[in-house]
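*Asks:* What would the 3D arrangement of this be:
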Amino acid sequence: MAKQEVIRPLDESGLVAKEVYFKPEYVALEKQRLWSRVWQMACRVEEVPEVGDYLTYEIGDESIVIVRSAPDRLNAFFNVCRHRANRIAKGCGSASRLRCPFHGWQWDLDGRNTHVTQREDWGGLLDDDDLSLPRVKCETWGGWVWINMDPNAEPLETWLGDAAKILAPFQLDKMRFRWRKWMVINCNWKIGLEAFNEGYHVGVTHHQLAQFGGTPHFSSATFGRHSMFGSMTASGTLGANAAKTANIDTRQKMADFYNYLKVNLDSNLTDTVVQAANRLVAELPADAPADQVIQHLIVSSMRDDAARGLQWPMITPDQYQVAGIDWQIFPNMVLLPMATNCLGYRARPNGDDPNSCVFEVYQLERFPEGEEPKKVESVRNDDIYDVAFWGEILLQDFQQMEGTHRGVKSASYKQPRLNPQQEKPVANFHRTYHEFISKE
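*Replies:* Here you go, the predicted model:
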C-alpha cells in the first residue's frame, strides 16, 4: 500500500464540531449543500431489470424515481407531479407510464407528459415542455444506479476517481443481492457511517475475534473524497500471524473462524468458502504452515465454485493489498469487497431527526449464470439486541453507535480526537463534509 500523508486530528484542523451530529441546523445545511450536490448510490441495477420497472429513492425532502425506459436506458426524475406536487410513484413496481394518483396526470418513461386530466379547462395556458418531469443525473457503476441532483455535477467516473479503478478487479457489477436488512437506529447518520469507516475499534469492540489470531492494527489511506483501510498483516487473513508465532493448528483456526463468521455475520464469505474451510483438517497435515493453509483454502474454493459454474475474477496479490478491506465512498456508502462477495452499508438521515438514521446492511454475491436470486426484499428490524437476526458482530457495532451518539451530546465532550493513522478515513470524511456544507 502506497504511503499516504497523515491527516491530523480534526481538533487541530478545525473542520468539525460535535454539533454536526445533533443540531437541527446541520440537517438543513445537508439538504441544501450536501445531498443536492453529491453523487449517491440509489439502488442496484438488478432492482430495475425490465422496461417499465421503477424504484423510488428518498433523501432529505427529495424523492427520486428511477425507471428503465429501454433495455439499455435508465432515467431518474424528481418524483413530484407538475400539477400539485404529489408523489407520482411510491416504493417500487412496474408500469408502462408514470401516473399521479391525485388527479391522474401521466408521463411516459422518458418523462414527457402524455395526459392532463380535462386539459381543455386550461385553454392554452399549459406548455408541454414545462410539463415534463425534471431530470436528475443518473449513471451506473459497480452494478449500482447513482443519482446527482446538481445539473452541473461532474461525471460519476470523475467523482469516484481512483476508488473505481482500484475496485474494478472485483467486478462488483457481476454480483447480486443475497440478503438485505435495514433499521432505524438512534444515532446520526454520520456516526452510523463512521462506525464502519475505521479498523481501530476492531480489537476492542469485536474482542472475540482475537481467538482466531491476527492483529487489531490497521493502515488507512485516502483517495480524494474517498478512503479505505486494510490489515497491516502481510496476508490480510485473520489467523495467519497468530498461527506462525503460537504454533497452533491453523487448519482448525481457519475452520473455526469461518464457521463463526457464517453464524454471526453471514458475510465476508460464501458457503463455498465455509465448506472448504471445514475440509482443511482432513486435507492438510497438522503442521501445515499458515500460508499453505490459506493458499489451499483459496484454491479449493475456486475449484469448487468452478465446478458449479462460477469463475472467480483474477485479482493479483498486489491488487488485493492496494484494495485493502474496507472502503468509504463519500458521502454515505461503505464497502468490504472480496472476490466473490461484498458486504455493504448505507446510512441516510431519518427525515429531519438528527438523532436517528436509516441504516442498511446487505450482502452481494457472485452466482452461477442463471442462478441469481430474482428479487431479494430488504427486511427491517430495529432491535439492537436481536442476535438471532443481526448476529453478534453487527450488534456490537450498533450498540456502540447508539452509545456514541448519546455521549457526543455531553457537556464534557468537546470534539472528536482521532488516531491519525487508523482513523484517517473518519478525518477525511469530515474534511470533505466540511467542504460541502461550508460552500453556499
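
*Asks:* Going by C-alpha atoms from here, please, whenever you check contacts or count neighbours.
*Replies:* Will do.

*Asks:* As a quick check, tell me the outermost residue of the protein.
*Replies:* residue 123 (49.4 Å; CA atoms, centre = their mean).

*Asks:* Need the phi and psi values for that one.
*Replies:* phi 60, psi -130 (degrees, to the nearest 10).

*Asks:* how close does it get to residue 116?
*Replies:* Distance of residue 123 to residue 116, given as CA to CA, to the nearest Å: 12 Å.

*Asks:* Quick check: buried residues in stretch 163-183?
*Replies:* 163-164, 167-173, 175-183 (16 or more other CA atoms under 10 Å).

*Asks:* tell me what the helix or strand hosting residue 296 is packed against?
*Replies:* If you go by DSSP states H and E, residue 296 is part of helix 290-307. If you count contacts as 3 or more CA pairs under 8 Å, 6 or more residues apart in numbering; DSSP states H and E, helix 290-307 packs onto helix 240-246, helix 250-264, helix 271-277.

*Asks:* Compare these and give me the one nearest residue 431.
*Replies:* Among the helices and strands packed on helix 290-307, the nearest to residue 431 by CA to CA is helix 250-264 (33.7 Å).

*Asks:* And for the closest one, what's in contact with it?
*Replies:* 212, 238-240, 243, 267-269, 273-274, 277-278, 280-281, 284, 286, 288-290, 293, 390-393 (CA atoms under 8 Å, 6 or more residues apart in numbering).

*Asks:* out of these, which are buried?
*Replies:* 212, 238-240, 243, 267-269, 273-274, 277-278, 280-281, 289-290, 293, 390-393.

*Asks:* Tell me how far residue 327 lies from residue 197.
*Replies:* Relative to residue 197, and taking CA to CA, residue 327 is found at 7 Å.

*Asks:* ok, now which ones touch residue 43?
*Replies:* Counted by CA under 8 Å, 6+ apart, residue 43 has contacts 57, 144, 145, 146.

*Asks:* buried ones in stretch 388-402?
*Replies:* Within stretch 388-402, the residues scored as buried using 16+ other CA under 10 Å are 390, 391, 392, 393, 394, 395, 396, 397, 398, 400, 401, 402.

*Asks:* repeat for stretch 309-318
*Replies:* Result for stretch 309-318 [16+ other CA under 10 Å]: buried residues 310, 311.

*Asks:* now stretch 67-82
*Replies:* Going by 16+ other CA under 10 Å, stretch 67-82 has these buried residues: 67, 68, 69, 74, 75, 76, 77, 78, 79, 80, 81, 82.

*Asks:* Straight-line length of it, end to end?
*Replies:* End-to-end for stretch 67-82, by CA to CA: 18 Å.

*Asks:* So what touches it?
*Replies:* Outside stretch 67-82, the residues touching it (CA under 8 Å, 6+ apart) are 48-56, 62-66, 86-89, 100, 105, 109-111, 131-138, 147.

*Asks:* Give me the buried subset of these.
*Replies:* Members of these classed as buried by 16+ other CA under 10 Å are 48-49, 51-56, 63-66, 87-89, 100, 105, 109-111, 131-138, 147.

*Asks:* Just the residues you listed: which are in helices?
*Replies:* residue 131 (DSSP state H).

*Asks:* thinking again about what came up before, now for the buried residues of stretch 388-402: which two are most distant?
*Replies:* Between any two of the buried residues of stretch 388-402 (CA to CA), the greatest distance is 17.0 Å, for 391 and 402.

*Asks:* first to last residue in stretch 41-56, what's the distance?
*Replies:* Termini of stretch 41-56 sit 12 Å apart (CA to CA).

*Asks:* tell me the average confidence for that stretch?
*Replies:* Per-residue pLDDT over stretch 41-56 has a mean of 98.

*Asks:* So in terms of bridging, what pairs with residue 228?
*Replies:* residue 221, residue 327 (DSSP bridges).

*Asks:* Hmm, residue 321 and it touching each other?
*Replies:* No - in this structure, residue 228 is not within contact of residue 321 by CA atoms under 8 Å, at 11.4 Å.

*Asks:* neighbour-wise, which of the two wins?
*Replies:* residue 228 (29 against 18; other CA atoms under 10 Å).

*Asks:* which residues does that one contact?
*Replies:* 197, 198, 220, 221, 222, 323, 324, 325, 326, 327, 328, 425.

*Asks:* Mind doing that once more with 10 Å?
*Replies:* Going by CA atoms under 10 Å, 6 or more residues apart in numbering, residue 228 touches 163, 197-199, 219-222, 322-329, 334-336, 422-426.

*Asks:* Among those, which are located in helices?
*Replies:* 163, 322, 323, 424, 425, 426.

*Asks:* Can you tell me which of these has the most neighbours?
*Replies:* Neighbour-wise, the ones in helices among the contacts of residue 228 (other CA under 10 Å) top out at residue 425, 29 neighbours.

*Asks:* The contacts of residue 43: which two are farthest apart?
*Replies:* Longest span within those, CA to CA: 57 and 144, 12.7 Å.

*Asks:* got any residues that touch both of those two?
*Replies:* Joint contacts of residue 57 and residue 144 (CA under 10 Å, 6+ apart) are 41, 42, 43.

*Asks:* Thought residue 333 was touching the first one, still the case?
*Replies:* Yep, that's residue 41 we're talking about. Yes - if you go by CA atoms under 10 Å, residue 41 and residue 333 touch, sitting 7.6 Å apart.

*Asks:* what sits in contact with each of those two?
*Replies:* With CA under 10 Å, 6+ apart as the test, residue 41 and residue 333 both reach residue 346.
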